Each structure stands twice: as structure tokens, then as C-alpha cells.
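Trainee: sequence first, then the predicted structure, then my questions.
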Amino acid sequence: DAGVTQSPTHLIKTRGQQVTLRCSPKSGHDTVSWYQQALGQGPQFIFQYYEEEERQRGNFPDRFSGHQFPNYSSELNVNALLLGDSALYLCASSLRSRGYTFGSGTRLTVV
Amino acid sequence: AQRVTQPEKLLSVFKGAPVELKCNYSYSGSPELFWYVQYSRQRLQLLLRHISRESIKGFTADLNKGETSFHLKKPFAQEEDSAMYYCAPNTGFQKLVFGTGTRLLVSP
């Protein structure tokens, strides 16, 4: 089992551009959550997808959107990138309340 | 305000010394609590869940509802315990809210 896989691992974008990050959950998991981890900070909850719908959302602007596909994989989209969006983006999958399995993350740098 | 607090950014101890990483939370109800660990160049991974009451790698964590604390303890620290530790309550539907983390450094 490959666990949670995220792509790409690193990404450099220019301010104002749009980006899509991808996540494949651990086999058997049905819930995908996305987190943003800025340097020196703990992960901050962006949103969570379950049954292809956004179930919960953290305190992030509408520029951050997502999607979950029937195979439970997920995408995170960020529009109109700002320098402050530079961070490590973590995907975590879970099945009910058994704790998350995290991916290695996508390091996004906005220049 | 609802939040989780890990007061120590860095905890430095010698090998064999006892370790306690503090975590205080302020959430209504009875959230499920977790400790996550991130070793150097590895992904975040689950260390402990409070409802399982188990000991992992010699670590234990006791939930104190009166003090709203969930401190992580180990009687004898090892060098391989050096890592970043995050306390995280589940605030509902598996939404984990992470603290800022404590870096544990165990010196030989």
C-alpha cells in the first residue's frame, strides 16, 4: 500500500497564477483533508471532502477550492496566487475516526 | 476562543532523561485528542490517540479533562525520539486542529 501520494512534490508559480495540487488517498480511506503548513507553523486546516462534497472548511478564502472524485482522490486549486500562499500543502486521508494518514506534501513557492 | 496550545517551541533533554511535552486545549465538548510526530525528512504520522490508551515507542498521554490538557510523556528519552511533535484535537468529523508544535531534541 503506497499510503497517501501527492503530486507534484515541488512547484514554483508566479504571483497571480493558478495551481492545482493532487492527492490519492490511502487504499480504503474515503475522506480527504487538505492542510497548509507555513514555515515554522503547525498545519492549518483548509477543507475536507467526503462523498465528493466539501464537508468542512477552515478559515481560507474562496481562492482555495477543491474537488473529490468518485475514486476518492482529490484536488486542491488555488487561484490568484499570493506570495503568502507559499507553503507546504499536506493531504491527509482517513476512514471514520481512526486518525489521519498524511502524504509527504507539495512544496509550493510563489514568486 | 477554541484553540490548542503547545507552550514550548523547543525542548532539549539528555538521553535517558524524562520528557513531558505539554498540550492544553480549549474546545467545548469532549474532543478526541491525538499526538502526531514528524521525524526529520519524514511525513507526519500518528503517534497516539487518547481513546486507545496505548503506549507507543514508550510514550503515553493522559487526558485531563479538568485541566483540559493532554501532555505527552516518556520516562527515558532516546536520541531517536528527536522530532517535531504536534498535539491535535479532533473538533468534529475528523477535523484536526494542530498546535504550533514542540521540537524535541535529545542529546547523547
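Mentor: Done, it's in.
Trainee: quick one: low-confidence ranges for the chain?
Mentor: Went with chain A since none was named. For chain A, applying pLDDT under 70 flags the ranges A:1, A:97-98.
Trainee: wrong chain, I was asking about chain B
Mentor: Where chain B drops to pLDDT under 70, the residues are B:1-2.
Trainee: can you name the residue of it nearest chain A?
Mentor: The minimum distance from chain B to chain A, using C-beta to the nearest C-beta, falls at B:F98 (3.6 Å). Backbone N, C-alpha and C define where each C-beta goes, glycine included.
Trainee: what's the neighbour count on the spatially closest residue to that residue that is not a sequence neighbour?
Mentor: Leaving aside its chain neighbours, B:F98 sits nearest to A:G42 (3.6 Å; criterion: C-beta to C-beta, 6 or more residues apart in numbering or on different chains). The number of residues packed near A:G42 is 21, by other C-beta atoms under 10 Å in any protein chain shown.
Trainee: report the secondary structure state of the residue of chain B closest to chain A.
Mentor: Put simply, B:F98 is coil when judged by DSSP: H, G, I helix; E, B strand; the rest coil.
Trainee: list the contacts of it.
Mentor: Counting by C-beta atoms under 8 Å, 6 or more residues apart in numbering or on different chains, B:F98 touches A:35, A:42-44, B:4, B:36, B:86-88.
Trainee: picking that back up, quick check: the residue nearest to B:F98 touching B:Y86?
Mentor: Yes: at 5.5 Å, A:G42 counts as touching B:Y86 under the criterion of C-beta atoms under 8 Å.
Trainee: common neighbours of those two, please.
Mentor: Common neighbours of A:G42 and B:Y86 are listed as B:98-99, B:101 (criterion: C-beta under 8 Å, 6+ apart).
Trainee: confirm that A:Q56 sits in a strand.
Mentor: Yes: residue state for A:Q56 (three-state DSSP) corresponds to a strand.
Trainee: bridged to it, which residues?
Mentor: For A:Q56, the beta-bridge partners are A:Q48 (DSSP bridges).
Trainee: what number of residues lie near it?
Mentor: By other C-beta under 10 Å, 17 other residues sit near A:Q56.
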